[in-house]
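>>> Give me a model of this one.
(one chain, ligands or ions: 2)
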Amino acid sequence: MTTLFISDLHLSDEHPEITDCFLTFIEQEAPEADALYILGDLFEAWIGDDDEAPLHHKVKTGLKALTNKGIPVYFIHGNRDFLIGKRFAKETGIKLLPEHCVVNLYEKPVLIMHGDTLCTQDLAYQQYRQKVHNSFIQWLYLRLPLGIRRKIGERLRSGSKSHNAQKSQMIMDVEQATVLNVMADENVDLLIHGHTHRPDVHQVTVNGRRGQRIVLGDWYEQGSVLVVTSEGAELQNRRFSE
Ligand code: OKV
Ligand code: MN
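Ligands and ions are numbered 1, 2, ... in the order given. Below you'll find the predicted structure:
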């Protein structure tokens, strides 16, 4: 009886070792689990479900095989793959979840999200986010030819890289007050998220109750996996094979 959580794999053609590790994980480990939650940034970029690249095909085939075995796979969008849509969900059998939601984990309510919405000190990012999450803007973008969407994506990514290099680490982390507010609003004492690439278990106090905020790690050097059982939660790593 285990539930697995992962995020921030940032799959791309540049790093086939990450894709290999993920495909092994969903083929060999995830089939033994009760469920798999992917909390965003599975892909480094996503410009529409109609972008058929060999990488996308491999990942979709792997996910479909997993869901066909009866393992529920839940997905929350990250800041990079927020355009993953109904077609991808249909092709893979995964279930798309809203931006944040409370799930019942072995009789305990747990709040899950990607984590970018907690970085409220990064005003430039939150403004950009509001624009690209606007449904009319997304509708327009998705009507552009793939080549144009790809160009816009490349432009935005290179611009963001140089912009982020100037941002402080503080600004790119979560804001504690935002964490406490959302946990209090949702009435939970466990929050699980990714995005910051700082895997850790933080103790928090929400409305006088002790709680935890578990941060998932990225898959840059190894696969970061949160394994949850009725006994508790443990952050683990899966080594890349050579
Ligand atoms: C994903 C990020 C690029 C950060 C563009 C409307 C717009 C969607 C989009 C284009 C970019 C996703 C979909 C990508 C994440 C970046 C750069 C920074 C901080 C529009 C709707 F603008 F044209 F209207 N995009 N792509 N960034 O390349 O995957 O998360 S992306
Ligand atoms: Mn992210």
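
>>> contacts for the longest helix that the chain contains?
For the chain, the helix that runs over the most residues, judged by DSSP state H, is helix 146-165. Contacts to helix 146-165, defined as Cβ atoms under 8 Å, 6 or more residues apart in numbering, come from residues Ala45, Ile47, Gly48, Asp50, Asp51, Ala124, Tyr141, Leu142, Leu144, Met172. The way it works is simple: take the backbone N, C-alpha and C, and place the C-beta from them, glycine included.

>>> Mind giving me the ChimeraX select for those residues, buried ones only?
Selecting only the buried entries of these in ChimeraX, with 16 or more other Cβ atoms under 10 Å as the criterion:
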select :45,47,48,51,141,172
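
>>> Okay, and which of the contacts of helix 146-165 map to helices?
Per DSSP H, the contacts of helix 146-165 map to helices at Ala124, Tyr141, Leu142.

>>> Could you find the lowest-pLDDT member of the residues you listed?
The lowest pLDDT within the ones in helices among the contacts of helix 146-165 belongs to Ala124, with 94.

>>> residues near the closest residue to that one other than its chain neighbours, how many?
In space, and not counting its chain neighbours, Ala124 is closest to His163: 7.2 Å by Cβ to Cβ, 6 or more residues apart in numbering. By the criterion of other Cβ atoms under 10 Å, His163 has 12 neighbours.

>>> what about whatever residue of the chain ends up closest to ligand 2, which SS state?
When scored by Cβ to the ion, the chain has His195 as its residue closest to ligand 2, at 3.8 Å. Three-state secondary structure (criterion: DSSP: H, G, I helix; E, B strand; the rest coil) places His195 in coil.

>>> quick one: least confident helix or strand in this structure?
Ranked by mean pLDDT, DSSP states H and E, the helix or strand of the chain with the weakest confidence is helix 146-165, at a mean of 94.

>>> ok, that helix near ligand 1 or not?
Yes: on the criterion Cβ under 6 Å from any ligand atom, helix 146-165 is in touch with ligand 1 at Ile152, Gly153, Leu156, Arg157, Ser160.

>>> Who wins on neighbours among those?
Result: Gly153 is most packed of the residues of helix 146-165 next to ligand 1 (other Cβ under 10 Å), 18 neighbours.

>>> can you tell me which residues contact Ile58?
Residue 58: Lys, not Ile. Thr19, Leu23.

>>> neighbouring contacts of stretch 224-235?
1-6, 8, 25, 29, 105-107, 192, 199-201, 214, 216-218, 236-238.
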